[in-house]
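Peer 1: give me a model of this one.
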Amino acid sequence: MSAHGPATPMTAHPSGPLRGTASVPGDKSISHRALILGALSVGETRITGLLEGQDVLDTARAMRAFGAEVIRHAPGDWSVHGVGVGGFAEPDGVIDCGNSGTSVRLIMGAMATTGITATFTGDASLNKRPMGRGTDPLAEFGAQAVGRSGGRLPLTLIGAAHPVPVRYALPVPSAQVKSAVLLAGLNAPGATVVIEPEPTRDHTERMLRGFGAEVTVETTPEGRVITLTGQPELTPCPIAVPRDPSSAAFPVCAALMVQNSDILVPGVSQNPTRNGIFLTLQEMGADLVMENPRDEGGEPVADLRVRHSALHGIIVPPERAAAMIDEYPVLAALAALAEGPTVMRGIKELRVKESDRIDAMARGLEACGVRVDETEDSLTVHGTGAVAGGATVASRLDHRIAMSFLCLGLAAQAPIRVDDASPIATSFPVFEDLMRGLGAQITREDG
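Peer 2: Numbering: from 1, shown residues only. Sure thing, here's the model as predicted:
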């Protein structure tokens, strides 16, 4: 039984060429932030292209619980009537963030400097994940968190009635923690400063400026220093959500795996804090071309043309990890079909995602006949150009593990079965139909 309902096993079978256009959903990171900043602004924010995966729907439901009016007009077309900075109402019930670490950390940040109390929970996977590194900086504003051992959910956060601004140096690169601190800083007087040792996805900084907040970014010997001037009145602005590069990585990698494939993935974000996977694929020899580069809604986007390629293993630069942290599972699957070892270092963060993704990929690849080596913060996949397959892999309630092995099964010598693909709905609800539309042979076992 999955935390998302009955388990849904799926099997990917060796497939013919993938062809056509893969219109992947809107960016999940931007969708979350659009809903939250819309709720913190005064007036109506109109959002187009919103991802309607379960993670984002959980954020929308939470914003309603805090007093914002959130309306769905049509697929991807939403509006948020906000309550203003500091205007959150105390929710009547528990805030259930489902599987989404982004939801719970960003929402806790947004309410941490408001004098209200809220209790957060999630599904079985989210409730195992450590929250301390998110709540620790919120305590510096004056908020108090009470949760289970290890700072795990369910957790009650008591917002600071008289918040103070903070200067916080991130101990490890984390866009979620950075964003939580910046959102908390909105309702604190004076300047809140976040110092990140390595750049992480910068959607929060971009969007805060779009809503009228004063945000400056400076590169110093300490790292990237972000300064937010507190207590602005955020002004609604229209948000056009670009397509998610993390979702695009799956059809892109599948096309690289399957012989004679040729697909187009239009309108994908090329934000430099998110495009590490595409640079890595090109270094491995991928026939991957960015066509029609343009700017949409303050974010750089391009159409991706990708064709099957003979790939070779590489050493992925550790400093690139922050720009592709969610794409390592599908990269590991693709690396199994490359020639030679692909070495991925500096990825300890994967140990505390929806699952321990290093262990999940290593065990799944071994079951499919692939040799791997791992350390606490690295994974090496010894590619031989072919994968036996023929295994059942545990998804561990992790959408990216499930999708990665379903992509690999399309190019393996024997089918690969995933024990539960239901978590895919959290981030990529149209994955199955989209992949089948390209020619992928994916079957499901319902009931």
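
Peer 1: and the residue sitting furthest away from the middle of the chain, how far from A188?
Peer 2: Distance from the C-alpha centroid of the chain peaks at H162, with 32.3 Å (C-alpha atoms, centre = their mean). Look at H162 and A188: by C-beta to C-beta, to the nearest Å, they are 10 Å apart. All C-beta spots, glycine's among them, are computed from the backbone N, C-alpha and C.

Peer 1: with T443 instead?
Peer 2: 53 Å.

Peer 1: between those two, who's got more neighbours?
Peer 2: Using other C-beta atoms under 10 Å as the criterion, T443 and A188 rank with A188 on top: 23 against 13.

Peer 1: surely that one and R167 touch.
Peer 2: No. Judged on C-beta atoms under 8 Å, A188 makes no contact with R167 at a distance of 11.4 Å.

Peer 1: and the residue farthest from the centre of the chain, backbone torsions?
Peer 2: phi -130, psi 70 (degrees, to the nearest 10).

Peer 1: likewise E327?
Peer 2: Dihedral pair for E327: phi -100, psi 0, per degrees, to the nearest 10.

Peer 1: could I get the contacting residues of it?
Peer 2: Contact analysis of E327 by C-beta atoms under 8 Å, 6 or more residues apart in numbering lists 245-246, 249, 276-277.

Peer 1: what sits closest to V316 if chain neighbours are left out?
Peer 2: M344 (5.0 Å; C-beta to C-beta, 6 or more residues apart in numbering).

Peer 1: give the buried residues for the helix or strand where the one you found lies.
Peer 2: Using DSSP states H and E, M344 falls within strand 339-345. The neighbour-count check on strand 339-345 (16 or more other C-beta atoms under 10 Å) flags 340-345 as buried.

Peer 1: before we move on, what about stretch 29-43?
Peer 2: Quick answer for stretch 29-43 (16+ other C-beta under 10 Å): 29-41.

Peer 1: do stretch 290-301 as well
Peer 2: 290, 297-301.

Peer 1: likewise stretch 114-124?
Peer 2: Quick answer for stretch 114-124 (16+ other C-beta under 10 Å): 114-116, 118-123.

Peer 1: looking at the residues you listed, which is nearest L183?
Peer 2: Looking at the buried residues of stretch 114-124 and their distance to L183, the nearest is T114, at 10.8 Å (C-beta to C-beta).

Peer 1: now the closest one, what are its backbone angles?
Peer 2: Note on T114: backbone dihedrals following degrees, to the nearest 10 are phi -110, psi 140.

Peer 1: which one of the buried residues of stretch 114-124 sits closest to G210?
Peer 2: The closest of these to G210 turns out to be T114 (C-beta to C-beta; 22.1 Å).

Peer 1: ok, now which ones touch that closest one?
Peer 2: Taking C-beta under 8 Å, 6+ apart, one finds 86-88, 159-160, 187 in contact with T114.

Peer 1: please redo it, this time with the cut-off set to 10 Å
Peer 2: T114 is in contact with 40, 66, 85-90, 143, 159-161, 163, 184, 186-187, counting by C-beta atoms under 10 Å, 6 or more residues apart in numbering.

Peer 1: next: G267.
Peer 2: Taking C-beta under 10 Å, 6+ apart as the test, what G267 contacts is 23-24, 26, 49, 240-243, 248, 292, 294, 296, 301-304.

Peer 1: need the contact list for T8.
Peer 2: By C-beta under 10 Å, 6+ apart, the residues touching T8 are 2, 395, 402, 418-425, 432, 444-447.

Peer 1: in helices only, show me those.
Peer 2: Counting by DSSP state H, the contacts of T8 place 402, 432 in helices.

Peer 1: from the contacts of T8, which would you call buried?
Peer 2: For these, a burial check counting by 16+ other C-beta under 10 Å picks out 2, 395, 402, 418-425, 432.

Peer 1: turn those into CSV, columns for distance to A254.
Peer 2: Converted to CSV, the buried ones among the contacts of T8 look like this (distance: C-beta to C-beta, whole Å):
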residue, distance to A254
S2, 23
S395, 17
A402, 14
V418, 14
D419, 20
D420, 20
A421, 15
S422, 20
P423, 18
I424, 14
A425, 19
E432, 13
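
Peer 1: return the member of those residues nearest to H81.
Peer 2: Of all the buried ones among the contacts of T8, A425 has the smallest distance to H81: 27.3 Å, by C-beta to C-beta.

Peer 1: I figured that closest one hits D58, correct?
Peer 2: No. The criterion here is C-beta atoms under 10 Å, and A425 misses it with D58 at 11.5 Å.

Peer 1: overlap in contacts, these two.
Peer 2: N99.

Peer 1: distance of S100 from Q176?
Peer 2: The gap separating S100 from Q176 is 10 Å, by C-beta to C-beta.

Peer 1: the two: which is more packed in?
Peer 2: A side-by-side neighbour count of S100 and Q176, using other C-beta under 10 Å, places S100 first with 28 against 21.

Peer 1: helices along the stretch 101-250 of the chain, start to end?
Peer 2: Counting by DSSP state H, counting those that start in this stretch, one finds helices in the stretch 101-250 of the chain at the ranges 101-111, 132-141, 175-185, 203-210, 245-257.

Peer 1: ok, which of those comes nearest P232?
Peer 2: Ranking the helices of the stretch 101-250 of the chain by proximity to P232 (C-beta to C-beta) places helix 203-210 first, at 8.7 Å.

Peer 1: excluding its backbone neighbours, what's nearest Q54?
Peer 2: Nearest residue to Q54, sequence neighbours excluded (C-beta to C-beta, 6+ apart): T426, at 4.5 Å.

Peer 1: picking that back up, spatially nearest residue to the residue farthest from the centre of the chain, not counting backbone neighbours?
Peer 2: Per C-beta to C-beta, 6+ apart, closest to H162 is G142, 6.5 Å.

Peer 1: quick check: the one you found touching P189?
Peer 2: No. Shown here, G142 and P189 do not form a contact pair, counting by C-beta under 10 Å, at 11.9 Å.

Peer 1: what do those two both touch?
Peer 2: Shared contacts of G142 and P189, defined by C-beta under 10 Å, 6+ apart, comprise 113, 162-164.

Peer 1: can you tell me which of the residues you listed lies nearest to L264?
Peer 2: Distances from L264 to those, taken by C-beta to C-beta, are shortest for T113, at 44.6 Å.

Peer 1: any idea how far that closest one is from T380?
Peer 2: Remark: distance between T113 and T380 (C-beta to C-beta) = 44 Å.
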